[in-house]
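[1] predicted coordinates and the sequence they were generated for:
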Amino acid sequence: MKLLLHAVLLLAAPAALAWPRCEQAGLTPPVAIERAAPAYPPAVREIGIEGAVELAMTILRDGHVGWVRVVRAEPPGYFESAAITGVRAWRFEPARRDGEPVECRLQTRVRFTLVDTADVPEGSAAAGHPAPVYPQSLLAERIEGYAEVRFDAMPDGSVANATVTMAMPRGEFEAAALAAVRGWRFLPAAGDARPMTRHFEFRLPDSTQGVPPPTTFGSAPFPMEACRQRLKGHVRLEVATDATGAIQSTRILSAEPARMFDRPALAIARASRLTPAYRDGQPMAATALLTLFFDPDKARCPGSLNPDPPWPQGRPPSRVSAR
C-alpha cells in the first residue's frame, strides 16, 4: 500500500463580492478546462499536517483566474500560499450571458489530505494496518476506483463504528476497504475515541489513468431550522454518474436527522461531479455511494459542507494527486 498526498476541491457558497455569482440565474456558469490540484507544500508534508483553504476568486472573460482572496484556512498559516498559487493556474471556459463572456465570482475549497493507495491484488500488513485486498472480479475487469471509510480508534487501539462514506463504483471496493479497516490496530492511547477517516484509491499495477479529475461539490443553503438548533447531520446517497463523474440521478439511502438535510443534500448532489471510475484506463459511467455531512459549527450559517475531520498523522509522504 502506497500513500499519496491529496488535494480535494469542493465548491462552496459564494462570497458577497462585487462581481455576479457564477451560479446566478441568467448566466451559463464557467466550465473548468484545466484544474490541477495545488501542490502540497513540502515542509508541511514532511511534518504530516493536513488542512483546507477556502478561496474566493473571479473568473475573467478570457477564462483565466483574476482576483483571489483567502476566506478561511484550517489550520491557518500552512496552506494559503500553495492554494492561491494553485488556483491562479486554473483555466475555464468563461461564464456567458446571452452568448457573451462575462466575469463572475465563485468560491472553492481546497483540501490537503493524505490518501492510501491499494494498487496490488493482495493486501499487505504494515504496522497493524493491512491494505485492502483488490477484488479479483474488478481486477479481471480492469476497473479502478476508490472508497472512503470513517471509524473510531478506541483507547485500547481497536477500531469501532467503521462505515463507508464514499465509494466509486459501489460494491466490492467498499467491502474491501471496510474489511481492511476493521482489522486495523493502533497503539493504545489515553482519552476518548478518536474519529478518523481514510480514503483508499484502488489502482491497477499497470494503471494508465494518470492524475484523475478532482471531485467538486455544489452548494446549497444550510437549513435555517438546523442553524437555530445548531444541528449536525448527514445524508447518505446512492448516485448514478456518467463517464465524466457528473451526477445524473440520486437516491437517499438514509439521513440523520430524518428529512432535515434532504433538500440541500439533493441540491448539492445535482451540482456535483465526482472523480469517475475507470475501466482499462478509460473513465466509465458507474453507481457510487456518497455521504454529505453538515455542521453549523464548521461552516457559516447558512453554510456549506463540513470538511472531514483530521486524518491520522505520522504517515510517510509521497506524491500529490487530485480527486
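    Structure's in. What do you need?

[2] and V181, helix, strand or coil?
    Three-state call for V181 (DSSP: H, G, I helix; E, B strand; the rest coil): helix.

[3] tally of neighbours for it?
    As a burial measure, V181 scores 22 neighbours (other CB atoms under 10 Å). For the C-beta atoms, the positions are set from N, CA and C on the backbone; glycine is no exception.

[4] what does R230 give?
    By other CB under 10 Å, 10 other residues sit near R230.

[5] ok now do it, which residues does it touch?
    When contacts are counted by CB atoms under 8 Å, 6 or more residues apart in numbering, R230 is found next to P296, D297.

[6] give me that answer again for 7 Å
    When contacts are counted by CB atoms under 7 Å, 6 or more residues apart in numbering, R230 touches P296.

[7] torsion angles phi and psi at it?
    phi 60, psi 50 (degrees, to the nearest 10).

[8] how near is it to D297?
    To D297, R230 is 7 Å away according to CB to CB, to the nearest Å.

[9] got it, and C22?
    Per CB to CB, C22 is found 27 Å from D297.

[10] would you map the helices across the stretch 201-323 of the chain?
    Under the criterion DSSP state H, counting those that start in this stretch, the stretch 201-323 of the chain contains helices at 224-229, 262-270.

[11] run through this protein and note the low-pLDDT ranges.
    1-18, 48, 114-127, 209-211, 298-323 (pLDDT under 70).

[12] domains in the chain, as residue ranges please.
    Using automatic domain parsing, the domains assigned to the chain come out as 2-113, 120-206, 224-298.

[13] looking at these, which is nearest to P214?
    Among the domains of the chain, the nearest to P214 by CB to CB is domain 2-113 (4.4 Å).

[14] now do the closest one: distance to the chain's middle.
    Counting by CA atoms, centre = their mean, to the nearest Å, domain 2-113 is centred 14 Å from the centre of its parent chain.

[15] please apply the same query to stretch 214-233.
    That offset, for stretch 214-233, works out to 16 Å (CA atoms, centre = their mean).

[16] what residues of that stretch count as buried?
    Across stretch 214-233, burial judged by 16 or more other CB atoms under 10 Å covers 214-220, 222-223, 226, 231-233.

[17] just stretch 90-104 next, same as before
    Neighbour counts over stretch 90-104 (16+ other CB under 10 Å) mark W90, R91, F92, P94, A95, P101, V102, E103, C104 as buried.

[18] hmm, back to that, in TSV, list the helices of the stretch 201-323 of the chain along with distance to A277.
    Putting the helices of the stretch 201-323 of the chain into TSV (distance: least, CB to CB, whole Å) gives the following:
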stretch	distance to A277
helix 224-229	33
helix 262-270	17
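
[19] for P169, find the nearest of these.
    With CB to CB as the measure, helix 262-270 is the member of these nearest P169 (16.2 Å).

[20] remind me what that closest one packs against, helices and strands.
    With contacts taken as 3 or more CB pairs under 7 Å, 6 or more residues apart in numbering; DSSP states H and E, helix 262-270 sits against strand 233-241, strand 247-256, strand 286-294.

[21] in its sheet, which strands sit next to the longest one, and in what direction?
    In other words, strand 247-256. Strand 247-256 has the following sheet partners, assigned by DSSP bridges: strand 233-241 (antiparallel).

[22] convert the C-alpha atoms of the strand it pairs with to CSV, please.
    C-alpha atoms of strand 233-241 as CSV (Å, rounded to 0.1, in the frame of the first residue of the first chain):
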residue,chain,number,x,y,z
GLY,A,233,-26.3,15.8,10.4
HIS,A,234,-25.6,13.7,7.3
VAL,A,235,-27.3,12.3,4.3
ARG,A,236,-26.2,9.0,2.6
LEU,A,237,-26.9,8.9,-1.1
GLU,A,238,-26.6,6.4,-3.9
VAL,A,239,-25.9,8.3,-7.1
ALA,A,240,-25.6,7.4,-10.8
THR,A,241,-22.8,9.2,-12.7
